[in-house]
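Peer 1: A structural model of the following input is requested.
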Amino acid sequence: MLSLLSDIWPHIAGGLTLLVTVAASGHAVLHKRDARSAVAWVGLIWLVPVLGAVLYLLLGINRIRRRARALRSDQGHPPCHSHCLSRFQCRADTVEVLDRNSHFVSLSRLVEGIVRKPLVQGNHITPLVNGDTAYPEMIRAIEEAQCSVNLSTYIFDNDRAGRLFLDALARAAGRGVEVRVIVDDVGARYSWPPMTRLLQRSGITVARFLPTFLPWRMPYMNLRNHRKILVVDGRTGFTGGMNIREGHMIGKDPRHPVQDLHFKVEGPVVAHLQEIFAEDWTFCTGESMEGDAWFPCIEQKGTVVARGIPDGPDEDYEKLLWTVHGALACARRSVRIVTPYFIPDSTLTTSLNLAAMRGVDVEIVLPGVNNLRIVKWASTDLLQECLEHGCRVWLTAPPFDHTKLMVVDDIWVLLGSANIDTRSFLLNFEFNVECYDRELAARMNSLIDSKLRNAHRVTIEEVTNRRLPVKLRDGLARLFSPYL
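Peer 2: Sure, this is the predicted structure:
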């Protein structure tokens with residue numbers, strides 16, 4: 001009997017291995033929309049039998065898409081919210097700044113078709129540079145809260161900055177304010193003990209987004225909630241690229257200083273921030289957020305016409321990527337992009353190059369010093385394609401710049417949490433806001449100009465003349481760009 005088992009066991013193992021390999025490959029072919037991603041996973045599954053299938057099972061399957069759709073489809077907002085917001089909805093061709101620039105009318109219609117959200121007028125957007133400016137404004141709003149505070153962040157560190165927010169949130173909860181906090185499970189573990197534990201001890205209702213059993217020190221985990229949203233009393237919002245950590249408090253001389261940009265948002269578009277927080281909260285906890293405490297009627301505060309753009313690997317798949325493609329196609333004079341991580345796919349690189357070849361002044365502003373070396377290497381290898389076709393690339397002076405911003409033709413501004421990379425466009429949950437306003441665009445252009453004063457312009461010669469070992473290193477890093 002033992003002899004028989006020893007004879008047939010290799011055949012059984014081989015058959016099971018083949019079955020697992022075929023099943024995993026078939027799943028990748030059927031469910032991966034991006035052909036490169038499908039090819040990469042199928043190659044790994046076949047080249048590394050069993051282990052490749054296990055890795056695909058752990059990292060390649062989007063298990064939350066169906067659950068997210070089911071939860072979010074069941075969620076409803078009170079009629080008061082819809083009725084109040086409808087007063088400020090507008091058609092693009094009725095907005096003066098757009099009507100005078102007809103190509104932005106077409107862009108607005110395109111984004112509305114992608115996002116399924118209307119433009120809303122009467123907003124005021126205030127740029128907040130670094131944590132020295134942003135954190136006091138956010139803390140002040142929390143201290144003045146009367147009904148509700150909703151906070152969603154990727155990283156919430158247990159440090160000087162984190163404790164400022166912890167104390168303010170605890171005081172708000174103590175006053176009877178309804179406080180809800182979402183922290184991404186990976187982002188919650190950047191410091192120890194995790195701030196989520198301290199929030200719970202302070203009586204604050206907190207949820208971790210998509211808990212994972214894998215080690216937190218893997219910086220490229222899939223399906224993370226990368227959004228940064230704070231909404232106070234349903235009327236005042238904050239969003240942008242800034243996490244909660246003391247590195248952003250440049251004036252406090254932190255060990256690892258990080259430049260960044262955040263925004264205070266007032267006006268009807270705050271409802272878009274609140275909607276996406278409510279959807280994430282329902283996804284995490286099953287609790288539905290309804291009523292005036294969460295969705296009050298919001299009055300006009302300014303002249304900015306804006307729209308929230310949620311993006312994620314669920315029903316919001318590729319909405320932001322399509323929006324960026326649309327903006328590049330509509331650009332006539334200038335495109336200015338500031339991003340910490342620049343790893344565009346081939347289609348986005350083509351859109352950038354086509355804009356530059358049409359005579360559009362395309363500027364890409366990247367940090368001279370990056371906190372993720374492999375991303376820096378891959379990005380450097382990708383720059384050659386952009387430089388060859390007329391894009392201009394700048395490297396800003398230290399400290400590391402985490403700013404995320406896009407300005408087109410001195411009118412259209414895209415702000416929020418997303419980077420210009422595959423991870424943000426396809427794998428993370430992100431939130432951005434598109435704004436149409438000359439004054440805001442002028443302020444953003446002034447900010448970019450200030451970054452360029454001490455920046456280094458990258459030349460095609462610098463990239464092509466890299467030493468062979470450096471080229472090999474950067475090229476190998478580029479091979480992993482779909483996973484970075």
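
Peer 1: burial of Gly43, as a residue count?
Peer 2: Number of residues near Gly43 (other C-beta atoms under 10 Å) recorded here: 13. C-beta coordinates here come from the backbone N, C-alpha and C atoms, glycine included.

Peer 1: name the element it belongs to?
Peer 2: helix 35-47 (DSSP states H and E).

Peer 1: Could you list the buried residues of that helix?
Peer 2: In terms of neighbour count (16 or more other C-beta atoms under 10 Å), helix 35-47 has its buried residues at 37-38, 40-42, 44-45.

Peer 1: mind putting these in TSV, pLDDT and distance to Leu395 included?
Peer 2: Formatted as TSV, the buried residues of helix 35-47 follow (pLDDT from 0 to 100; distance: C-beta to C-beta, whole Å):
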residue	pLDDT	distance to Leu395
Ser37	71	29
Ala38	80	34
Ala40	77	30
Trp41	79	34
Val42	81	37
Leu44	80	34
Ile45	82	38
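
Peer 1: What is the nearest of those residues to Glu318?
Peer 2: Nearest to Glu318 among the buried residues of helix 35-47 is Ser37, at 12.5 Å by C-beta to C-beta.

Peer 1: What is the subsequent helix or strand relative to the lengthiest strand in the chain?
Peer 2: Ranked by residue count and defined by DSSP state E, the top strand of the chain is strand 119-129. Beyond strand 119-129 in the direction of the C-terminus, DSSP H and E gives the next helix or strand as helix 130-143.

Peer 1: ok, Lys451 - how many residues close by?
Peer 2: Neighbour tally, Lys451, other C-beta under 10 Å: 18.

Peer 1: burial of the nearest residue to it once chain neighbours are set aside, as a residue count?
Peer 2: With sequence-adjacent residues excluded and distances taken as C-beta to C-beta, 6 or more residues apart in numbering, Lys451 is closest to Thr396, at 5.0 Å. Counted with other C-beta under 10 Å, the neighbours of Thr396 add up to 24.

Peer 1: Would you pull up how far stretch 463-474 lies from the middle of the chain?
Peer 2: Between the centre of stretch 463-474 and the centre of its chain there are 30 Å (C-alpha atoms, centre = their mean, to the nearest Å).

Peer 1: And for stretch 281-298?
Peer 2: On C-alpha atoms, centre = their mean, the centre of stretch 281-298 falls 22 Å from the chain's centre.

Peer 1: which regions of the stretch 201-350 of the chain sit below the pLDDT cut-off?
Peer 2: 212-222, 315 (pLDDT under 70).

Peer 1: ok, which stretches of it are helices?
Peer 2: For the stretch 201-350 of the chain, the helices defined by DSSP state H, counting those that start in this stretch cover 270-285, 319-330, 346-357.

Peer 1: The stretch 351-484 of the chain too?
Peer 2: 373-387, 422, 438-452, 460-464, 468-479.

Peer 1: Tabulate those (a markdown table), appending distance to Leu198 and mean pLDDT.
Peer 2: What follows is these, written out as a markdown table (distance: least, C-beta to C-beta, whole Å; pLDDT from 0 to 100):
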| stretch | distance to Leu198 | mean pLDDT |
| --- | --- | --- |
| helix 373-387 | 31 | 87 |
| helix 422 | 34 | 84 |
| helix 438-452 | 34 | 97 |
| helix 460-464 | 46 | 91 |
| helix 468-479 | 37 | 80 |
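
Peer 1: out of those, deepest packed?
Peer 2: Using mean count of other C-beta atoms under 10 Å, the stretch among the helices of the stretch 351-484 of the chain with the largest mean neighbour count is helix 422, at a mean of 22.

Peer 1: to the chain's geometric centre, what's the distance from that helix?
Peer 2: Averaging C-alpha positions (C-alpha atoms, centre = their mean) puts helix 422 11 Å from its chain's average.

Peer 1: So which of the helices of the stretch 351-484 of the chain is nearest Asp311?
Peer 2: Using C-beta to C-beta, the nearest of these to Asp311 is helix 422, at 12.5 Å.

Peer 1: re earlier: any idea which of the buried residues of helix 35-47 is closest to Arg116?
Peer 2: Among the buried residues of helix 35-47, and counting by C-beta to C-beta, the member closest to Arg116 is Ser37, at 25.3 Å.

Peer 1: Now do the contacts for the residue lying closest to Thr205 once chain neighbours are set aside.
Peer 2: The shortest distance from Thr205 to any residue other than its chain neighbours is 5.5 Å, reached at Arg180 (C-beta to C-beta, 6+ apart). If you count contacts by C-beta atoms under 8 Å, 6 or more residues apart in numbering, Arg180 has them with 148-151, 205-207, 277, 281, 289.

Peer 1: Show me the residues you listed that map onto strands.
Peer 2: Using DSSP E, those in strands are 148-151, 205-207.

Peer 1: Any of those buried? List them.
Peer 2: Buried among the ones in strands among the contacts of Arg180 (16+ other C-beta under 10 Å): 148-151, 206-207.

Peer 1: if I look at Pro254, how far off is His262?
Peer 2: 16 Å (C-beta to C-beta, to the nearest Å).

Peer 1: neighbour-wise, which of these two wins?
Peer 2: His262 (27 against 18).
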